[in-house]
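Asker: Predicted model, plus sequence, below.
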Amino acid sequence: MLPTLQEGDHVLVRPGVAFVEPGAVVLVQHPHRTDQRLVKRVEHITSDGALFVVGDNPKASTDSRAFGVVPRGNVLGVVVGRLN
């Protein structure tokens, strides 16, 4: 699958987590590195409410397969648009 976002794209983000569901593209705070924000797609939501996030290019993405699930509190918002 081709990535939804390309290097250099700017995104519009709706703050909050009210509309987070599988398939949504979200801006999250890295769960282990407070200096890093990531844009990832929600693959699924665990039974305790954390998000399993993945990149659209699995071979080149650092995501939940590497760092685990992302707590809902780390979700900064939902991506609603892209500018390139």
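Answerer: Good, I have the coordinates.

Asker: residues of stretch 55-68 that come out buried?
Answerer: For stretch 55-68, burial by neighbour count (16 or more other Cβ atoms under 10 Å) applies to 55, 56, 61, 63, 64. C-beta coordinates here come from the backbone N, C-alpha and C atoms, glycine included.

Asker: Contacts only, for the most centrally placed residue in the chain.
Answerer: By Cα atoms, centre = their mean, the mean C-alpha position of the chain lies nearest to residue 40, the distance being 2.7 Å. Going by Cβ atoms under 8 Å, 6 or more residues apart in numbering, residue 40 touches 25, 26, 28, 53, 54, 55, 61, 63, 64, 70.

Asker: try residue 82
Answerer: 4, 5, 9, 10, 11, 12.

Asker: hmm, which of these are the buried ones?
Answerer: Counted by 16+ other Cβ under 10 Å, those give 5, 11 as buried.

Asker: Need the contacts of residue 82 in a markdown table (columns: distance to residue 83).
Answerer: Converted to a markdown table, the contacts of residue 82 look like this (distance: Cβ to Cβ, whole Å):
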| residue | distance to residue 83 |
| --- | --- |
| 4 | 13 |
| 5 | 10 |
| 9 | 7 |
| 10 | 4 |
| 11 | 7 |
| 12 | 7 |
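
Asker: I'd like to know which of the contacts of residue 82 is nearest to residue 47.
Answerer: Nearest to residue 47 among these, counting by Cβ to Cβ, is residue 4 at 27.1 Å.

Asker: which stretches of the protein aren't confidently modelled?
Answerer: 1-3, 84 (pLDDT under 70).

Asker: picking that back up, tell me which of the contacts of residue 82 fall in helices.
Answerer: Judged by DSSP state H, helices contain none of the contacts of residue 82.

Asker: can you give me the strands in the protein?
Answerer: Taking DSSP state E, the strands of the chain run over residues 10-15, 25-29, 37-45, 51-54, 75-83.

Asker: Please state the offset of the last one from the chain centre?
Answerer: When C-alpha coordinates are averaged (Cα atoms, centre = their mean, to the nearest Å), strand 75-83 and its chain have centres 9 Å apart.
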